[in-house]
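Participant: Can you look at this prediction? I've put the sequence above it.
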Amino acid sequence: MDLKSQFEQAVAESKTLSEKPSNEVLLQLYSLYKQGSTGDVNTDAPGNPFDFVGKAKYEAWASLKGKTQEDAMKEYIALVEKLKG
């Protein structure tokens, strides 16, 4: 199975985990997903100073700037496997 197929399978599996991950792990999943599927952050930070969730998501994704999409996919797959236990 190629990396893209493994990544897509891990995305599907992440939605059926037996326990909801912590917010920190959810942010990690989000940022790795965005970096793996889109690449470096390509949007502006949220303008609303009270959009704490949006800001956290943006900052988590932006922190991965420069990581290759392939590396992000591999890390996402590994994290989902770890969460599946």
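Facilitator: Thanks, I have the structure now.
Participant: Any idea how many residues pack against residue 70?
Facilitator: 12 (other CB atoms under 10 Å). C-betas here are computed from N, CA, C, even on glycine.
Participant: Please give the element, helix or strand, for it.
Facilitator: Element membership for residue 70, per DSSP states H and E: helix 69-84.
Participant: How many residues are close by residue 47?
Facilitator: Residues lying near residue 47 (other CB under 10 Å) number 8.
Participant: Enumerate every residue touching it.
Facilitator: By CB atoms under 8 Å, 6 or more residues apart in numbering, no residues touch residue 47.
Participant: gap between it and residue 55?
Facilitator: Residue 47 sits 10 Å away from residue 55, taking CB to CB, to the nearest Å as the criterion.
Participant: quick one: the nearest residue to residue 1 once chain neighbours are set aside and residue 74, what's the gap?
Facilitator: Setting aside the residues directly before and after it, residue 1 is nearest to residue 9 in space (CB to CB, 6 or more residues apart in numbering), at 7.6 Å. Counting by CB to CB, the gap from residue 9 to residue 74 is 13 Å.
Participant: between those two, who's got more neighbours?
Facilitator: Each of residue 9 and residue 74 has its neighbours counted (other CB under 10 Å); residue 74 has more, 17 against 13.
Participant: quick one, what contacts that one?
Facilitator: Taking CB under 8 Å, 6+ apart, one finds residue 3 in contact with residue 74.
Participant: can you check the one 3 residues further on too?
Facilitator: Residue 77 makes contacts with 6-7, 10, as judged by CB under 8 Å, 6+ apart.
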